[in-house]
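Undergrad: The following block contains a protein sequence and its predicted model.
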Amino acid sequence: MKDWKRFSVANLVLEDILFIGDGYRAKNVELANHGIPFARISNINDGFHFEDADRFPEKDLHKVGNKISQQDDIVFTSKGTVGRFAFVRKDIPRFVYSPQLCFWRVLNSQIIDPQFLFFWMLGREFYLQIIGVKGQTDMADYVSLADQRNMHITLPPLPEQRAIAEILGALDDKIELNQRMNATLESMARAVFRQWFVDNEEAQDWEEKSLDEIANFLNGLALQKFPAEGNDYLPVIKISQLRTNDTKDADRASIKIPPQYIIEDGD
């Protein structure tokens, strides 16, 4: 890291390498149910969520100036709930920034890689500078534009920035894909549940029974009375094993425990 250099954010702004802006102070009468999203803090949480966002009419976009998102912007929640971040990828629709949001916009990508800047803002150097200023008022937490411009950033050479961004970006894409898959599976599960238990006409002929009529219930066994003997043992399932879905470090019990306490397929 000997080639990494520390820069004043203010100087980067003065040299037109970086721009830091905040959002447009829209009046309620300016918002509508059509147009592009008017992004607030609630719409920024591990990405962008514009399903319930207010809308800003496209015919009035001339009012907001440069407070419209651009690809590669880094979004930072700077008022109240300080410290949420999002990166404006090319597939994110345009939106208008609200006053609770700030954005860092790279103007010279030959000096700063935008995606590296995003990951830097998620890191320790930026975090410590936020912590140092966000509670300076008696009001809610707030990191002003002046506070942000007074910060410093440590940058490696551009090729190293891009290499770091590529690796972290690939991991970030994988996490996002897994989250989308989980959301899809959850949606499918809800649909199947509704199909079987809500919309199913045959369910009217189903018989209602209490659970103890169709299943046997057992509490866990006091396994201190059944210690493992040699290499023949059964793993003990506790809450930690359920959380990790793994019995690697589980306690061990004798194979001679009562058979009803041994897990079977379908339990």
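TA: The structure has been received and is ready for your questions.
Undergrad: what residue ranges in this structure score low on pLDDT?
TA: Counting by pLDDT under 70, the chain shows low-confidence ranges at 203.
Undergrad: Any idea which residue is closest to the centre of it?
TA: Closest residue to the average C-alpha location of the chain: D46 at 2.6 Å, with C-alpha atoms, centre = their mean.
Undergrad: That residue falls within a helix, correct?
TA: No - going by DSSP: H, G, I helix; E, B strand; the rest coil, the assignment for D46 is coil, not a helix.
Undergrad: quick one: the strands in the stretch 151-267 of the chain?
TA: Ranges of strands in the stretch 151-267 of the chain, per DSSP state E, counting those that start in this stretch, are 152-155, 234-235, 252-253.
Undergrad: any chance of those in CSV, with distance to V9 and mean neighbour count too?
TA: To be clear about C-beta, it is placed using only N, CA and C from the backbone, and glycine gets the same treatment. Shown next, in CSV, are the strands of the stretch 151-267 of the chain (distance: least, C-beta to C-beta, whole Å; neighbours: other C-beta atoms under 10 Å):
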stretch, distance to V9, mean neighbour count
strand 152-155, 6, 16
strand 234-235, 54, 18
strand 252-253, 57, 20
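Undergrad: and K174, which of the ones you listed is closest to it?
TA: Closest to K174 of the strands of the stretch 151-267 of the chain is strand 152-155 (C-beta to C-beta; 25.6 Å).
Undergrad: For the stretch 51-200 of the chain, which segments count as helices?
TA: 114-121, 124-133, 145-149, 158-197 (DSSP state H, counting those that start in this stretch).
Undergrad: Most tightly packed of those?
TA: Among those, ranked by average contacts under mean count of other C-beta atoms under 10 Å, first place goes to helix 114-121 (a mean of 22).
Undergrad: quick check: angle from that helix to helix 158-197?
TA: Relative orientation of helix 114-121 and helix 158-197, computed by axes from the mean of the first three to the mean of the last three C-alpha atoms, to 10 degrees: 80 degrees.
Undergrad: which helices and strands sit right next to helix 114-121?
TA: Helices and strands touching helix 114-121, by 3 or more C-beta pairs under 8 Å, 6 or more residues apart in numbering; DSSP states H and E, are strand 74-77, strand 85-87, strand 101-106, strand 152-155, helix 158-197.
Undergrad: If we ignore the residues flanking it in sequence, what's nearest L12?
TA: Using C-beta to C-beta, 6 or more residues apart in numbering and skipping the chain neighbours, the partner closest in space to L12 is L18 (4.2 Å).
Undergrad: P114 is nearest to which of the helices and strands packed on helix 114-121?
TA: Closest approach to P114 among the helices and strands packed on helix 114-121 is made by strand 101-106 (4.5 Å; C-beta to C-beta).
Undergrad: before we move on, back to that, save the strands of the stretch 151-267 of the chain as JSON lines, and put in distance to A215 too.
TA: Shown next, in JSON lines, are those (distance: least, C-beta to C-beta, whole Å):
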{"stretch": "strand 152-155", "distance to A215": "60"}
{"stretch": "strand 234-235", "distance to A215": "22"}
{"stretch": "strand 252-253", "distance to A215": "23"}
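Undergrad: Tell me the buried residues in stretch 13-27?
TA: Across stretch 13-27, burial judged by 16 or more other C-beta atoms under 10 Å covers V13, I17, L18, I20, G21, D22, G23, Y24, A26.
Undergrad: picking that back up, could the helices and strands packed on helix 114-121 be laid out in TSV, adding distance to E30?
TA: Converted to TSV, the helices and strands packed on helix 114-121 look like this (distance: least, C-beta to C-beta, whole Å):
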stretch	distance to E30
strand 74-77	21
strand 85-87	23
strand 101-106	17
strand 152-155	35
helix 158-197	32
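Undergrad: sorry, back to before: quick one, which of the strands of the stretch 151-267 of the chain gets closest to D246.
TA: Of all the strands of the stretch 151-267 of the chain, strand 234-235 comes closest under C-beta to C-beta, at 9.6 Å.
Undergrad: what residues does the closest one touch?
TA: Residues outside strand 234-235 that contact it (C-beta atoms under 8 Å, 6 or more residues apart in numbering) are A228, Q241, T247, A250, D251, R252, A253, S254, I255, I257, I262.
Undergrad: Great, nothing more from me.
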